[in-house]
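Trainee: Return a 3D structure for these sequence lines:
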Amino acid sequence: MHLLNLFVGWALIALPTFTTSDLSADCVPMKKLLLKAFASDDKLACLSLKPSKKNALIDFLSVLPEVATKACTPKNIRHGFIEAGYINPDKFRYPVFNKILATCRCAIKKDEYENMCETFPHFLQAMVEQGYSSQKNTLICMVLLWIEI
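Mentor: Numbers count the residues shown, from 1 in each chain. You can find the predicted model right below:
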């Protein structure tokens with residue numbers, strides 16, 4: 001990883017630059033696979049890119065997994081799940097029921113909301129015990145919801 005220096009005002013900031021352009025394909029397995037794919041695959045060969053653009057694309061694709069891994073840490077993506085209501089902001093585990101219902105496009109009637117509130121604990125209990133909600137459990141809860149409406 002090289003460092004690119006950038007002047008901002010009076011401060012010098014070092015920005016990381018991810019690249020494999022200076023490394024041979026033998027040192028970077030992903031680059032080796034991409035070069036082989038560009039050489040042998042007819043669909044990639046028909047792109048007819050200039051060598052500089054082809055090398056830039058191969059360089060980008062060979063560092064993409066590393067960059068995505070560093071960018072997609074739980075800390076970096078957690079806020080989106082909290083805002084959408086998929087996880088609780090305290091324990092980062094349980095969904096926030098009202099926020100999930102807020103994503104519905106149509107207005108929810110009061111009796112429908114109450115029925116959902118009564119059946120939701122069945123789903124949540126299955127998630128706590130099994131880590132998922134089985135089809136059987138889902139069908140039971142859907143029938144309970146339908147009967148009560």
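Trainee: And the residue nearest the centre of the chain, its phi and psi?
Mentor: A centroid search over the chain (Cα atoms, centre = their mean) returns Cys72, at 7.1 Å, as the residue closest to the centre. Main-chain dihedrals, Cys72, degrees, to the nearest 10: phi -100, psi 50.
Trainee: can you pull the contacts of it?
Mentor: By Cβ atoms under 8 Å, 6 or more residues apart in numbering, the contact set of Cys72 is empty. C-betas here are computed from N, CA, C, even on glycine.
Trainee: Let me know the pLDDT of it.
Mentor: Confidence at Cys72, expressed as pLDDT, is 83.
Trainee: in which helix or strand would I find Ala126?
Mentor: helix 110-130 (DSSP states H and E).
Trainee: Kindly report the same for Ala25.
Mentor: Counting by DSSP H and E, Ala25 is part of no helix or strand.
Trainee: Can you identify each of the strands in this protein by residue range?
Mentor: Using DSSP state E, the strands found in the chain span residues 2-8, 11-17.
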